[in-house]
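Engineer: Could you look at this predicted model? Sequence included:
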Amino acid sequence: MTDAQVNTASAGKPLLQVDGLEGWYGESHVLHGMDFHVNDGEVVTLLGRNGAGKTTTIKAIMGLLNKRAGSVKVGGTETINLQARHIARLGVAICPEERGIFSSLSVEENMNLPPKLAEGGLSLERIYDLFPNLKERRRSQGTKLSGGEQQMLAIARILRTGSKFLLLDEPTEGLAPVIVQQIGRTIAALKQEGFTIVLVEQNFRFAASVADRHYVVEQGKIVDMIENEALDANIDKLHAYLGV
Amino acid sequence: MSTNENTKTATPAMHRSVGMPGHMKIIFVVLLAVLIALPFMVYPVFAMKVMCFALFACAFNLLLGFGGLLSFGHAAYFGMASYVCAHAAKVWGLTPELAILAGTVTAALLGLLIGSLAIRRQGIYFAMVTLAFAQMVYFFALQAEFTGGEDGIQTVPRNDLLGLFPMGDDIVFYFFVLFITFGGILFIYRITHSPFGQVLKAIRENEPRAISLGYHVNRYKLTVFVLSATFAGLAGATKSQVFHLASLTDVHWSMSGEVVLMTLLGGMGTVLGPIVGAVIVVTMQNYLAYLGAWVTVIQGVIFVIGVLMFREGIIGVLSKIFKKPL
Amino acid sequence: MSAMLQASGLTKEFKGFVAVNNVDLTVERGTIHALIGPNGAGKTTFFNLLTKFLQPTRGTITYDGKDITSKSSADIARLGLVRSFQISAVFDDLTVLENVRIAMQRRRGDSYDFWRSEAVLGQYDDEARGYVESVGLGEFINHRAAELSYGRKRALEIATTLSLEPDMLLLDEPMAGMGQEDVERISALIKRISEGRTILMVEHNLSVVADLSDRITVLARGEVLAEGDYDTVSKSPEVIEAYIGAGHD
Amino acid sequence: TDITLGVLNDQSGVYADLSGQGSVVAAQMAVADFDAAGKGINVNIISADHQNKPDIASNIARQWYDQDGVDAILDVPTSSTALAVADVTAEFGKVFINSGAATSDLTRANCQPTTIHWTYDTAALANGTGKAVTEAGGDTWFFLTADYAFGHALERDTTAVVEASGGEVLGSVAHPFPGTDFSSFLLQAQASGAKVIGLANAGADTVNSIKQASEFGIVQGGQKLAGLLLFINNVHSLGAQTAQGLQMTTAFYWDMNDDTRAFSERFKEEMGSPPSMVQAGVYAGTLHYLKAVEAVGSDDAEAIVATMKEMKTDDPLFGEGYIRKDGRVIHDMYLMEVKSPEESTGEWDLLKEVATISGEDAFLPMEDGGCAFALAD
Amino acid sequence: MFELLGIPPQVLLGQLLIGLINGSFYAVLSLGLAVIFGLLNIINFAHGAQYMMGAFVAWMLLSYGGIGYWPALFLAPVIVGVIGIALERVLIARLYKLDHLYGLLLTFGLALIIQGLFRNYYGVSGLPYQIPSALQGGQNLGFMFLPNYRGWVIVASVIVCFGTWFMIEKTRLGANLRAATENPELVGAFGVNVPRMITLTYGFGVALAAFAGVLAAPIYSVNPNMGADLIIVVFAVVVIGGMGSIMGSILTGFGLGVIEGLTRVFYPEGSAVVIFVIMAIVLMIKPEGLFGKSA
Ligand SMILES: Nc1ncnc2c1ncn2[C@@H]1O[C@H](COP(=O)(O)OP(=O)(O)OP(=O)(O)O)[C@@H](O)[C@H]1O
Ligand SMILES: Nc1ncnc2c1ncn2[C@@H]1O[C@H](COP(=O)(O)OP(=O)(O)OP(=O)(O)O)[C@@H](O)[C@H]1O
Ligand SMILES: [Mg+2]
Ligand SMILES: [Mg+2]
């Protein structure tokens, strides 16, 4: 199935256009020609089993993979040969799977670390409203936070930068249900404000509650795309993909 | 499922029922053959020096490459053993094997003392604690009467082996040294490939997990520390018999640095790396001596090139090429 | 029924911050007990206290009738109380088989034998293979652990733990980051191994908790908020507010 | 006859300037001046860096004797390496002509029949400076001693001389070797009230001590510094401004007479600086050795050493002298004083002679030395 | 007047002051080392050589260019810093992904090369460098004669140390630097130019070493070996202070100078080893160092 065929219902123009993306870790070839796109203002998820290549895709978009080929266009700019920091300046921000909290920085310093790239980031008050734990622990060393608190911090800090295109890799992992719901609401709110989000999720119930479309990743390829409205109709197919 | 997981099937760590893998047996046999022929090809004292340092580097590698502990004070064991052995041979008139034993035991005890304090610390702190203690040992060697201070212990005699066989001839003594060092290296190989070695590897990989499995991690670290110090001492003691002298050079921190260099240059965590590293460094010192003032510059250039070109050490690189642990 | 593990008045303070506050907890022999609670509630810290990876500020721990408050981590493991980690813990550079053998070796006690060839470890192979197969990793037995996917690493960790023949297991978020298929496999595995053992686990996946646990303790801000079976706990308004959230079905 | 000479010294470390390549040049000049080739003696000179490590020195010495056919080893500064080389030389029955090392043990407790010690030793330094300074009124001393064998030996020997000359030692402080900051020790020396501060150290340690003494105004305060082992290079690096008035003992100074000036001029063309006393000693030793070879007519070491000890020494740099049975070369030593900047006329015009000390007075008598083989018959 | 262990109090006061002066050198040097280690995870074994280069460049500026002490105090660190930057770009930058042992090995090699080259061209005896005329002479403090220059050394190093501390601990730039040492890729992914930042940091650390070298030139012998043995003492200072703690290395630098100074009075032979004894004790009792954050 090609990308053109599935692209019917979504509004807006593609902010991210990925064509024939290949990716390697050293010698091992992990991405085998990914084709997909994300429109401006959309929330799109990547679903797939462990090891399918979701994280690798995210890293490839962000320019964090040493070896990649194909085409990744962000807002029309070809980024396949750009370094991560130049991609970041196009307004892309990442919340990595392993969270990337800095232990030599306090919570607040972690929060202030990513430079402001554009206007319109969330204010500190709003972030503390969303994640009260962080306010309470803001003077602590970043890695002294509990696993879940670190996850919150990783999300919070890219909301400040003003980047409107977020790559979230399993943002709900290890979070209490209340917080998961809160993150769901946050994502919805961000979408309202015009953010574009690529979300990697294991928890597809959560994914279904926030996303417009879902791409299914298998062995380094996009094997299917399901519109969120059509999810119920396709639930068996999806279960088969995910091996449930 | 993932293609990746199936590509590498015959992994090197695959279990075999025989003790030593075939290619290692061949390498050791060839090595032994070379060593037997060596004194007839190069200057025997030089050959003995190389072997002492090879053993020293292997002992150090046992701790760093297999125990995951970087000691920056191994000169302490090497040097103290060298002093005690020299003193035993010269003042007490002990035979070579007993003098060397005395030196080795001293190193083991020193290792036990320093090790039991140092292993409580990790990483660079561990390295610094060992350095600190080694500096104290150096200070002791400088101040103590019996070490002869700056002059060292000179004119150390080589008494008759077992009180029977004269050892004055370098070629004869060479074979005694060969026995000690080659035996030591084989023993170290065995340690790294023993049940104990497996546990060490596990501890190095993931210490908290090893603890949670019930391992008293510190006892293992201490054991490997003492073993390493002991073999370092064996090397140092033997060296003092080879050269008829023990001096401050052997306890100075730059000696600790040298053994780190040898190991890294050859390839830490490999069996042959330290040996190759020792050969290179000792040869370099020996032959560069004729280049006069440029010696340090050339030495520096070699280290820089070594680090930039052979990051995993020479043997580390070779072992990658041949896809076999060497 | 009798208490397998009992913590009373357990407290941990970090420079002016109380992470675990005067917690009393009893785990009955032969049950699966779940510990849940919001992020930062102190669950991992509590585990660390039980296994002495952290030193309690106050309180006592009794295991199988013995006071273990002053024992070391390794000794606690030797008594049969073994833990897993929130972030998966395997020995990356060892093969699957060797990972399991390391644990068995400790139980048999030849681990200091530095003069013997590792070939003697071959004696454990058959038994180790059994544990590996029991978690469904048979076909990966000679792979380096580093090459396994996340879910399989968790399975390997459990196999390793099991080979110690522990009486009690502490599992910290065994399902975190796992795909659906793995969640179900590991759930089934936990159920299977709970036979004749006592398990205390931390988990955020509520359906797993509901499915597996006999009893649940909810921790919040370092204190016990509620305790009981799933139905009782999940209906408690405090728990819903602090943890489950209104939107959960 | 074919002769191979090995110059073994420090070519990269702290003594490289006063021995090093300059000693090799000095040996070559001796060969040329002797016109060895014209006399049918084919001399080959090799050299190596012992890095001040006795094991390296001993290894090289062995290899030289065993494999490279070296007949005599020259120079070898630092006591520990010199003692090691002396032993190896005796073992192989070759010749060792030391110039660079200070330890008087080379001709005392650790003497060897094959060792010749040319230029200076701790006893001579002590005798020179210690005696002259004490007799000139500096009768209370305080020592700054490098905390290793050499420093302690120097302090011990000088103390003996000072006391024998009617002086008194008020105290001493041992500083780590090598050290960088001496101000603390200097303050202790200052507080002692001694008239003379004896510097029983060498190289950069001595230079730093003197530099800092001037900074703390110690000389202005009325105390006098005595450098027990100072080479011309050290004085040069201090500069006349800082070092003026300092007294020191030396076996050789380039500006003593026409012969030394002529030699030094040639040497300076090669090396860029005038020779140190160590380099001068290598020259003189080589020359004397070659004379003995010519006399013997072969490379028979035992005969050569015997001839060297029999023949009077006589060369342009050290003048006339002789070699004692224990291997000690007896020649005059000089007490010098550093010129003030006004007196100095050139970069290297640094010293003026205060007194000549005859060889018999400068070096310890053999009877007191404890050299077993020399005293045996 | 009372005496402490036979030492008159005015002598003791003098010794304390001297210790503080030596501590100034430790502080500036260990600060540079701590900056480089803390932020780049490289144990810069060439630090001693770079300190020596600072002194030499000052000497060269004077002898070849007639440029005196005061301009040299600024110029020499800049020149040596630029050389450091070149080294970092060409050589050290290739090692960041590896264990810090390799950085140590490489910089050790660099130190050998630098020292060897200087020895070949300038010999080992040392070169004269005079105290600037404005700072000649000294003050009689009653208990001791304090050379003006030594007083200046304390002032200059205190200013430099605290300036550096402020920059790293209290500014955004510093936070970026600290983060970049932990996970340079991620910091890059936030849009920060990490390689340039790291290069400049190395250059800055090297410049600190050179600054200490210029300070030292008038009072210590300017010779190629002047920094050779310093590195392990200075590194010990960093460890005692707590690795990664900038303030720790500053305060420890001054503190150890004083302790070493006192040892020189009571047990002079031991003054070379006292820092290591303290290091062993500190690491046994408080492994993260006096001012380090606990792991
Ligand atoms: N650093 C690495 N080096 C080598 N191979 C890797 C590396 N990281 C991931 N892989 C391999 O690449 C493949 C894709 O991994 P990736 O992390 O993208 O999966 P994922 O879909 O994000 O899985 P998960 O849901 O477990 O996070 C897997 O087979 C994995 O084993
Ligand atoms: N070493 C430490 N120093 C200071 N505070 C700490 C330390 N370890 C944990 N904390 C704090 O203690 C609290 C409890 O942490 P803990 O890791 O036990 O939470 P948790 O219940 O396991 O949370 P999660 O579900 O997110 O893993 C957190 O607020 C954390 O920030
Ligand atoms: Mg992933
Ligand atoms: Mg937790």
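Structural biologist: Looks like it came in fine. All values reported here derive from a predicted model rather than from experimental measurement. Ligands and ions are numbered 1, 2, ... in the order given.
Engineer: from the chain's centre, how far out does stretch B:182-199 sit?
Structural biologist: 13 Å (Cα atoms, centre = their mean, to the nearest Å).
Engineer: hang on, I meant stretch D:114-131
Structural biologist: Stretch D:114-131 has its average C-alpha position 7 Å from the chain's average C-alpha position, going by Cα atoms, centre = their mean.
Engineer: Any part of it near chain B?
Structural biologist: No: in this structure, stretch D:114-131 remains apart from chain B according to Cβ under 8 Å from any Cβ of the partner chain; the gap is never smaller than 12.4 Å. Heads up, the C-betas are built off the backbone N, CA and C, glycines and all.
Engineer: Which parts of chain C belong to which domain?
Structural biologist: As assigned by automatic domain parsing, chain C contains the domains C:1-80+C:167-249, C:91-165.
Engineer: Return the member of these having the minimum mean pLDDT.
Structural biologist: For the domains of chain C, mean pLDDT drops lowest on domain C:91-165, to a mean of 80.
Engineer: how far is that one from where the chain is centred?
Structural biologist: Counting by Cα atoms, centre = their mean, domain C:91-165 is centred 18 Å from the centre of its parent chain.
Engineer: do stretch E:33-48 as well
Structural biologist: Here the centre of mass of C-alpha atoms in stretch E:33-48, compared against the chain's by Cα atoms, centre = their mean, lies 10 Å away.
Engineer: Are we agreed that residue A:45 is in a helix?
Structural biologist: No: according to DSSP: H, G, I helix; E, B strand; the rest coil, the state of residue A:45 is strand, so it is not within a helix.
Engineer: Could you check the pLDDT of it?
Structural biologist: With respect to pLDDT, residue A:45 has a value of 92.
Engineer: Tell me what it is bridged to.
Structural biologist: Judged by DSSP bridges, the bridge partners of residue A:45 are residue A:199, residue A:214.
Engineer: Assess the claim that it and residue A:209 are in contact.
Structural biologist: No: counting by Cβ atoms under 8 Å, residue A:45 does not reach residue A:209; the two are 10.7 Å apart.
Engineer: What degree of burial does residue A:78 show, as a neighbour count?
Structural biologist: Neighbour count for residue A:78, taken as other Cβ atoms under 10 Å in any protein chain shown: 11.
Engineer: on that earlier part again, and the domains of chain C as a markdown table, adding distance to chain B and mean neighbour count?
Structural biologist: A markdown table is the format used below for the domains of chain C (distance: least, Cβ to the nearest Cβ, whole Å; neighbours: other Cβ atoms under 10 Å in any protein chain shown):
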| stretch | distance to chain B | mean neighbour count |
| --- | --- | --- |
| domain C:1-80+C:167-249 | 3 | 19 |
| domain C:91-165 | 4 | 20 |
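Engineer: So which of those domains is nearest ligand 2?
Structural biologist: In terms of Cβ to the nearest ligand atom, the element of the domains of chain C nearest to ligand 2 is domain C:1-80+C:167-249, at 3.2 Å.
Engineer: Might you enumerate the residues of chain E proximal to chain A?
Structural biologist: Residues of chain E found near chain A (Cβ under 8 Å from any Cβ) are E:172, E:175-176, E:178-179, E:181-183, E:185-194, E:244, E:293.
Engineer: the more surrounded of residue A:45 and residue A:209?
Structural biologist: Taking residue A:45 and residue A:209 together and counting by other Cβ under 10 Å, residue A:45 has the greater number of neighbours (26 against 16).
Engineer: Per-residue confidence at the closest residue to ligand 3 within the stretch 151-300 of chain B, what does it come out as?
Structural biologist: When Cβ to the ion is the measure, the stretch 151-300 of chain B has its nearest residue to ligand 3 at residue B:206, with 21.0 Å between them. On the pLDDT scale, residue B:206 is placed at 83.
Engineer: Quick check: residue D:345 vs residue D:262, distance?
Structural biologist: With distances taken as Cβ to Cβ, to the nearest Å, residue D:345 is found 18 Å from residue D:262.
Engineer: and the residue in the stretch 51-200 of chain B that chain C sits nearest to, what element?
Structural biologist: Nearest residue of the stretch 51-200 of chain B to chain C, counting by Cβ to the nearest Cβ: residue B:196, 3.9 Å away. Per DSSP states H and E: residue B:196 is located in helix B:195-205.
Engineer: so, in contact with chain C or not, the helix or strand that comes right after that helix?
Structural biologist: Next in sequence after helix B:195-205, counting helices and strands by DSSP H and E, comes helix B:207-212. Yes: using Cβ under 8 Å from any Cβ, helix B:207-212 reaches chain C at B:208-212.
Engineer: same thing with stretch B:179-186?
Structural biologist: No: judged by Cβ under 8 Å from any Cβ, stretch B:179-186 makes no contact with chain C; its nearest approach is 11.4 Å.
Engineer: contacting residues for residue B:270?
Structural biologist: By Cβ atoms under 8 Å, 6 or more residues apart in numbering or on different chains, the residues touching residue B:270 are B:61, B:65, B:313, B:315-316, B:319, B:325-326.
Engineer: isn't residue B:304 right up against residue E:109?
Structural biologist: Yes: assessed by Cβ under 8 Å, residue B:304 is found in contact with residue E:109 at 4.1 Å.
Engineer: The two: which is more packed in?
Structural biologist: Relative neighbour count places residue E:109 above the other of residue B:304 and residue E:109, with 24 against 19, counting by other Cβ under 10 Å.
Engineer: tell me the secondary structure for the residue sitting furthest away from the middle of chain A?
Structural biologist: Checked against the mean C-alpha position of chain A, the extreme residue using Cα atoms, centre = their mean is residue A:139, at a distance of 27.4 Å. Per three-state DSSP, the secondary structure class of residue A:139 is coil.
Engineer: got the phi/psi numbers for the nearest residue to it once chain neighbours are set aside?
Structural biologist: Of all residues beyond its chain neighbours, the one nearest residue A:139 is residue A:106 (5.7 Å), with distances taken as Cβ to Cβ, 6 or more residues apart in numbering or on different chains. Taking degrees, to the nearest 10, you get phi -70, psi 170 for the backbone angles of residue A:106.
Engineer: Look up which residues are beta-bridged to residue A:106.
Structural biologist: Those that pair with residue A:106 in a beta bridge, by DSSP bridges, are residue A:141.
Engineer: residues near it, how many?
Structural biologist: A total of 17 residues lie near residue A:106 under the criterion other Cβ under 10 Å.
Engineer: for the one 10 residues further on, same thing?
Structural biologist: Neighbour count for residue A:116, taken as other Cβ under 10 Å: 13.
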